[in-house]
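here is a sequence with its predicted model. Questions after.
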Amino acid sequence: MASADPSPDALKSTVRDKYAALATDDDSCCGPSGDGETGLDVDMSEEYSEAIAADADLDLGCGRPTDHADLQPGEHVLDLGSGAGMDAFVARRDVGPDGHVHGVDLAEEMVEKARANASTMGYDNVTFGVGDIEDLPAERGAFDVVLSNCVLNLVPDKRAAFAQMHRALRPGGRFSVSDVVHVGTLPPALREAAELYVGCVAGAMERNAYLDRLREVGFTDVRVATEKTISLPNDLLAEHLGNGQASAFRAGDAALQSVTVVGRRPSFDES
(Lines give C-alpha, C1' and ligand atoms only; values in the text may rest on other atoms or scores of the structure.)
Protein backbone atom coordinates (compact mmCIF):
# COMPACT_ATOMS: atom_id res chain seq x y z
CA MET A 1 0.00 0.00 0.00
CA ALA A 2 1.27 3.48 -0.85
CA SER A 3 2.23 6.17 1.62
CA ALA A 4 -0.76 7.52 3.57
CA ASP A 5 0.19 11.15 2.97
CA PRO A 6 1.77 11.69 -0.46
CA SER A 7 2.78 15.27 -1.26
CA PRO A 8 1.09 17.18 -4.09
CA ASP A 9 4.24 16.88 -6.21
CA ALA A 10 4.42 13.14 -5.53
CA LEU A 11 0.78 12.74 -6.52
CA LYS A 12 1.33 14.65 -9.75
CA SER A 13 4.35 12.50 -10.52
CA THR A 14 2.35 9.34 -9.87
CA VAL A 15 -0.48 10.52 -12.11
CA ARG A 16 1.91 11.63 -14.86
CA ASP A 17 3.80 8.34 -14.81
CA LYS A 18 0.63 6.26 -14.85
CA TYR A 19 -0.89 8.14 -17.76
CA ALA A 20 2.40 8.14 -19.65
CA ALA A 21 2.40 4.34 -19.38
CA LEU A 22 -1.23 4.18 -20.46
CA ALA A 23 -0.40 6.11 -23.61
CA THR A 24 1.34 2.97 -24.87
CA ASP A 25 -0.85 0.42 -23.08
CA ASP A 26 -4.60 -0.18 -23.35
CA ASP A 27 -4.93 -0.84 -19.60
CA SER A 28 -7.52 1.39 -17.92
CA CYS A 29 -6.52 4.07 -15.42
CA CYS A 30 -9.83 5.26 -14.11
CA GLY A 31 -10.16 2.20 -11.92
CA PRO A 32 -8.06 1.58 -8.81
CA SER A 33 -6.70 -1.76 -9.95
CA GLY A 34 -6.51 -0.81 -13.60
CA ASP A 35 -9.04 -3.46 -14.56
CA GLY A 36 -12.08 -1.26 -15.20
CA GLU A 37 -14.17 -2.99 -12.52
CA THR A 38 -15.15 -0.06 -10.36
CA GLY A 39 -18.58 0.87 -11.65
CA LEU A 40 -17.12 3.66 -13.81
CA ASP A 41 -18.09 2.00 -17.10
CA VAL A 42 -19.60 4.63 -19.39
CA ASP A 43 -22.19 3.77 -22.03
CA MET A 44 -21.00 5.42 -25.23
CA SER A 45 -23.66 6.09 -27.85
CA GLU A 46 -23.11 5.11 -31.48
CA GLU A 47 -22.86 8.79 -32.40
CA TYR A 48 -20.21 9.28 -29.72
CA SER A 49 -18.16 6.32 -30.90
CA GLU A 50 -18.29 7.37 -34.55
CA ALA A 51 -16.64 10.71 -33.76
CA ILE A 52 -13.45 9.27 -32.28
CA ALA A 53 -10.44 7.26 -33.38
CA ALA A 54 -10.30 3.74 -31.98
CA ASP A 55 -7.04 4.55 -30.16
CA ALA A 56 -8.58 7.65 -28.56
CA ASP A 57 -10.90 5.75 -26.20
CA LEU A 58 -8.66 4.35 -23.45
CA ASP A 59 -11.61 3.79 -21.09
CA LEU A 60 -10.42 6.58 -18.78
CA GLY A 61 -13.61 8.61 -18.45
CA CYS A 62 -16.48 8.54 -15.98
CA GLY A 63 -19.10 10.38 -18.02
CA ARG A 64 -19.96 12.14 -21.26
CA PRO A 65 -19.42 15.86 -20.60
CA THR A 66 -20.04 16.82 -24.22
CA ASP A 67 -23.65 15.67 -23.84
CA HIS A 68 -24.29 18.56 -21.44
CA ALA A 69 -22.04 21.27 -22.92
CA ASP A 70 -24.53 22.55 -25.53
CA LEU A 71 -21.65 23.00 -27.96
CA GLN A 72 -22.36 25.32 -30.88
CA PRO A 73 -20.74 25.68 -34.32
CA GLY A 74 -17.73 27.97 -34.26
CA GLU A 75 -17.04 27.74 -30.53
CA HIS A 76 -13.59 27.38 -29.00
CA VAL A 77 -13.33 24.53 -26.49
CA LEU A 78 -10.70 23.62 -23.89
CA ASP A 79 -10.48 19.96 -22.82
CA LEU A 80 -8.66 19.52 -19.51
CA GLY A 81 -6.85 16.22 -19.11
CA SER A 82 -7.54 15.39 -22.73
CA GLY A 83 -5.80 12.01 -22.72
CA ALA A 84 -5.76 10.35 -26.14
CA GLY A 85 -8.36 12.80 -27.45
CA MET A 86 -11.73 11.09 -27.02
CA ASP A 87 -13.80 14.02 -25.73
CA ALA A 88 -11.87 16.55 -27.81
CA PHE A 89 -12.76 14.66 -30.98
CA VAL A 90 -16.43 14.50 -30.03
CA ALA A 91 -16.38 18.24 -29.29
CA ARG A 92 -14.66 18.87 -32.61
CA ARG A 93 -17.61 17.28 -34.41
CA ASP A 94 -20.06 19.54 -32.57
CA VAL A 95 -18.22 22.86 -33.07
CA GLY A 96 -17.67 22.13 -36.75
CA PRO A 97 -14.95 23.36 -39.11
CA ASP A 98 -15.21 26.96 -37.90
CA GLY A 99 -14.66 25.93 -34.27
CA HIS A 100 -11.55 24.75 -32.49
CA VAL A 101 -10.76 22.35 -29.66
CA HIS A 102 -7.54 22.41 -27.62
CA GLY A 103 -6.66 19.59 -25.24
CA VAL A 104 -4.24 19.87 -22.33
CA ASP A 105 -2.67 16.89 -20.58
CA LEU A 106 0.04 16.49 -17.94
CA ALA A 107 1.69 13.53 -19.72
CA GLU A 108 3.71 14.31 -22.83
CA GLU A 109 3.29 10.73 -24.04
CA MET A 110 -0.49 11.10 -23.92
CA VAL A 111 -0.32 14.37 -25.84
CA GLU A 112 1.77 12.67 -28.53
CA LYS A 113 -0.81 9.88 -28.76
CA ALA A 114 -3.66 12.39 -29.11
CA ARG A 115 -1.79 14.26 -31.84
CA ALA A 116 -1.22 11.00 -33.71
CA ASN A 117 -4.91 10.15 -33.40
CA ALA A 118 -5.89 13.57 -34.73
CA SER A 119 -3.56 13.10 -37.68
CA THR A 120 -4.99 9.65 -38.39
CA MET A 121 -8.52 11.04 -38.39
CA GLY A 122 -7.55 14.04 -40.52
CA TYR A 123 -8.71 16.57 -37.92
CA ASP A 124 -7.09 19.97 -38.44
CA ASN A 125 -9.11 21.97 -35.90
CA VAL A 126 -8.02 19.98 -32.84
CA THR A 127 -4.71 20.65 -31.08
CA PHE A 128 -3.06 19.21 -27.99
CA GLY A 129 -0.40 20.46 -25.62
CA VAL A 130 1.34 19.57 -22.37
CA GLY A 131 0.13 21.56 -19.38
CA ASP A 132 -0.65 21.59 -15.67
CA ILE A 133 -4.33 22.22 -14.91
CA GLU A 134 -3.35 24.18 -11.79
CA ASP A 135 -1.40 26.63 -13.99
CA LEU A 136 -2.90 26.51 -17.47
CA PRO A 137 -0.92 27.70 -20.49
CA ALA A 138 -3.98 29.51 -21.83
CA GLU A 139 -4.88 33.15 -22.36
CA ARG A 140 -7.56 34.73 -20.18
CA GLY A 141 -11.01 34.46 -21.71
CA ALA A 142 -9.81 32.45 -24.71
CA PHE A 143 -12.50 29.75 -24.63
CA ASP A 144 -16.27 29.46 -24.86
CA VAL A 145 -16.46 26.08 -23.14
CA VAL A 146 -14.30 24.01 -20.78
CA LEU A 147 -14.66 20.23 -20.70
CA SER A 148 -13.06 17.59 -18.48
CA ASN A 149 -13.67 13.89 -17.96
CA CYS A 150 -12.58 12.11 -14.77
CA VAL A 151 -9.49 14.27 -14.38
CA LEU A 152 -10.09 17.16 -11.97
CA ASN A 153 -10.11 14.91 -8.91
CA LEU A 154 -6.58 13.86 -9.90
CA VAL A 155 -5.47 17.47 -9.30
CA PRO A 156 -4.14 18.09 -5.76
CA ASP A 157 -5.25 21.76 -5.60
CA LYS A 158 -8.78 21.68 -6.94
CA ARG A 159 -9.51 25.30 -6.09
CA ALA A 160 -6.56 26.34 -8.25
CA ALA A 161 -7.84 24.13 -11.07
CA PHE A 162 -11.34 25.59 -10.83
CA ALA A 163 -9.90 29.12 -10.79
CA GLN A 164 -7.92 28.34 -13.93
CA MET A 165 -11.09 27.10 -15.61
CA HIS A 166 -12.78 30.41 -14.71
CA ARG A 167 -9.81 32.41 -16.03
CA ALA A 168 -9.72 30.51 -19.34
CA LEU A 169 -13.41 31.09 -20.07
CA ARG A 170 -14.75 34.23 -21.68
CA PRO A 171 -17.45 36.10 -19.73
CA GLY A 172 -20.63 34.12 -20.29
CA GLY A 173 -18.65 30.96 -21.07
CA ARG A 174 -19.60 27.64 -19.53
CA PHE A 175 -18.18 24.33 -18.38
CA SER A 176 -19.26 20.69 -18.35
CA VAL A 177 -17.10 18.32 -16.33
CA SER A 178 -17.55 14.67 -15.45
CA ASP A 179 -15.84 13.67 -12.22
CA VAL A 180 -15.94 11.45 -9.15
CA VAL A 181 -17.23 12.81 -5.83
CA HIS A 182 -18.28 11.25 -2.56
CA VAL A 183 -21.15 11.66 -0.12
CA GLY A 184 -20.66 10.92 3.55
CA THR A 185 -17.18 10.32 4.98
CA LEU A 186 -14.70 8.14 3.12
CA PRO A 187 -12.33 6.00 5.22
CA PRO A 188 -8.84 7.59 5.27
CA ALA A 189 -7.29 4.55 3.58
CA LEU A 190 -9.52 5.08 0.55
CA ARG A 191 -9.00 8.82 0.53
CA GLU A 192 -5.22 8.79 0.85
CA ALA A 193 -3.93 5.78 -1.08
CA ALA A 194 -1.93 7.11 -4.02
CA GLU A 195 -2.84 4.25 -6.33
CA LEU A 196 -6.54 4.93 -5.67
CA TYR A 197 -5.89 8.61 -6.29
CA VAL A 198 -4.76 7.70 -9.79
CA GLY A 199 -7.89 5.55 -10.06
CA CYS A 200 -10.24 8.52 -9.59
CA VAL A 201 -11.20 7.46 -6.06
CA ALA A 202 -8.96 8.86 -3.36
CA GLY A 203 -8.86 12.34 -4.91
CA ALA A 204 -12.64 12.64 -4.82
CA MET A 205 -14.09 15.64 -2.96
CA GLU A 206 -17.29 15.61 -0.96
CA ARG A 207 -20.10 16.41 -3.39
CA ASN A 208 -21.42 19.62 -1.82
CA ALA A 209 -17.89 20.87 -1.16
CA TYR A 210 -17.06 20.31 -4.83
CA LEU A 211 -20.03 22.40 -5.95
CA ASP A 212 -19.30 25.09 -3.36
CA ARG A 213 -15.66 25.33 -4.47
CA LEU A 214 -16.78 25.98 -8.03
CA ARG A 215 -19.07 28.77 -6.81
CA GLU A 216 -16.29 30.24 -4.66
CA VAL A 217 -14.09 30.91 -7.70
CA GLY A 218 -16.94 32.77 -9.41
CA PHE A 219 -19.05 30.27 -11.32
CA THR A 220 -22.85 30.56 -11.31
CA ASP A 221 -25.70 28.20 -12.20
CA VAL A 222 -23.62 25.30 -10.88
CA ARG A 223 -25.60 22.07 -10.82
CA VAL A 224 -25.29 18.30 -11.19
CA ALA A 225 -26.62 17.27 -14.60
CA THR A 226 -26.16 13.50 -14.16
CA GLU A 227 -25.13 11.19 -11.34
CA LYS A 228 -24.41 7.51 -10.87
CA THR A 229 -23.40 5.58 -7.75
CA ILE A 230 -20.10 3.73 -8.06
CA SER A 231 -19.91 0.23 -6.62
CA LEU A 232 -16.40 -0.62 -5.43
CA PRO A 233 -15.46 -4.32 -5.68
CA ASN A 234 -15.34 -6.25 -2.41
CA ASP A 235 -11.78 -7.44 -2.99
CA LEU A 236 -10.57 -3.87 -3.51
CA LEU A 237 -12.22 -2.68 -0.31
CA ALA A 238 -10.78 -5.63 1.61
CA GLU A 239 -7.30 -4.91 0.27
CA HIS A 240 -7.26 -1.27 1.35
CA LEU A 241 -9.56 -1.33 4.38
CA GLY A 242 -9.51 -4.85 5.76
CA ASN A 243 -12.64 -6.96 6.01
CA GLY A 244 -13.98 -5.22 9.13
CA GLN A 245 -13.72 -1.66 7.80
CA ALA A 246 -14.93 -2.80 4.39
CA SER A 247 -18.12 -4.17 5.94
CA ALA A 248 -18.61 -0.94 7.89
CA PHE A 249 -18.14 1.08 4.71
CA ARG A 250 -20.76 -0.99 2.93
CA ALA A 251 -23.23 -0.53 5.79
CA GLY A 252 -22.60 3.20 6.22
CA ASP A 253 -23.91 6.29 4.44
CA ALA A 254 -20.73 7.02 2.48
CA ALA A 255 -20.71 6.44 -1.25
CA LEU A 256 -18.83 7.37 -4.38
CA GLN A 257 -20.63 8.93 -7.33
CA SER A 258 -19.71 9.74 -10.90
CA VAL A 259 -21.32 13.07 -11.74
CA THR A 260 -21.42 15.53 -14.60
CA VAL A 261 -21.45 19.10 -13.31
CA VAL A 262 -22.26 22.17 -15.38
CA GLY A 263 -22.03 25.90 -14.72
CA ARG A 264 -20.97 29.18 -16.28
CA ARG A 265 -18.84 32.26 -15.85
CA PRO A 266 -21.08 35.32 -15.43
CA SER A 267 -21.24 37.91 -18.19
CA PHE A 268 -19.79 41.37 -17.60
CA ASP A 269 -23.26 42.89 -17.22
CA GLU A 270 -24.32 40.54 -14.41
CA SER A 271 -24.09 41.85 -10.87
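Yes, it's here.

number of residues surrounding Asp67?
16 (other C-beta atoms under 10 Å). In this view, the C-beta of every residue, glycine as well, is placed from N, C-alpha and C.

whoops, Asn243 was the one
Using other C-beta under 10 Å, Asn243 has 10 neighbouring residues.

now Ser258
Using other C-beta under 10 Å, Ser258 is surrounded by 25 other residues.

which helices and strands does the host helix or strand of it pack with?
Per DSSP states H and E: Ser258 is located in strand 255-264. Judged by 3 or more C-beta pairs under 8 Å, 6 or more residues apart in numbering; DSSP states H and E, strand 255-264 is in contact with strand 169-183, helix 207-216, strand 220-230.

low-confidence ranges in the stretch 151-271 of the chain?
192-200, 202, 269-271 (pLDDT under 70).

distance of Leu186 relative to Arg207?
Distance, Leu186 to Arg207, by C-beta to C-beta, to the nearest Å: 12 Å.

what does Gly244 give?
Distance from Gly244 to Arg207, counting by C-beta to C-beta: 26 Å.

these two: which has the busier surroundings?
Legend: neighbour count by other C-beta under 10 Å for Gly244 and Arg207, higher for Arg207 (21 against 9).

apart from its neighbours in sequence, what residue is nearest the more buried one?
Nearest in space to Arg207, with sequence neighbours left out and distances taken as C-beta to C-beta, 6 or more residues apart in numbering, is Val181 at 4.2 Å.

for the stretch 1-150 of the chain, just list every one of the helices.
Ranges of helices in the stretch 1-150 of the chain, per DSSP state H, counting those that start in this stretch, are 8-22, 46-50, 86-95, 108-121.

so which of these gets nearest Asp144?
Among the helices of the stretch 1-150 of the chain, helix 86-95 comes nearest to Asp144, with 8.6 Å by C-beta to C-beta.

still on that earlier bit, contact partners for the residue nearest to Arg207?
Counting by C-beta atoms under 8 Å, 6 or more residues apart in numbering, Val181 makes contact with 153, 204-207, 210, 256-257, 259.

phi, psi of Gln245?
Dihedral angles of Gln245 (phi, psi; degrees, to the nearest 10) stand at phi -70, psi -30.

most packed of the helices of the stretch 1-150 of the chain?
Comparing the helices of the stretch 1-150 of the chain by mean neighbour count (mean count of other C-beta atoms under 10 Å), helix 86-95 ranks first with a mean of 26.

that helix to strand 169-183, inter-axis angle?
Put simply, helix 86-95 runs at 140 degrees to strand 169-183, going by axes from the mean of the first three to the mean of the last three C-alpha atoms, to 10 degrees.

one step back: just put the helices and strands packed on strand 255-264 in TSV and tack on distance to Val146.
Converted to TSV, the helices and strands packed on strand 255-264 look like this (distance: least, C-beta to C-beta, whole Å):
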stretch	distance to Val146
strand 169-183	4
helix 207-216	11
strand 220-230	13
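
related to what we said a few turns ago, which of the helices of the stretch 1-150 of the chain comes out lowest on mean pLDDT?
Sorting the helices of the stretch 1-150 of the chain by mean pLDDT places helix 46-50 lowest, at a mean of 52.

list the buried ones in stretch 173-186?
Judged by neighbour count (16 or more other C-beta atoms under 10 Å), stretch 173-186 contains these buried residues: 173-182, 186.

one more: stretch 207-216?
Judged by neighbour count (16+ other C-beta under 10 Å), stretch 207-216 contains these buried residues: 207, 210-211, 213-214.

let me have the residues you listed in a markdown table, extended by distance to Arg264.
Supplementary listing: those in a markdown table, determined by distance: C-beta to C-beta, whole Å:
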| residue | distance to Arg264 |
| --- | --- |
| Arg207 | 20 |
| Tyr210 | 16 |
| Leu211 | 14 |
| Arg213 | 16 |
| Leu214 | 10 |
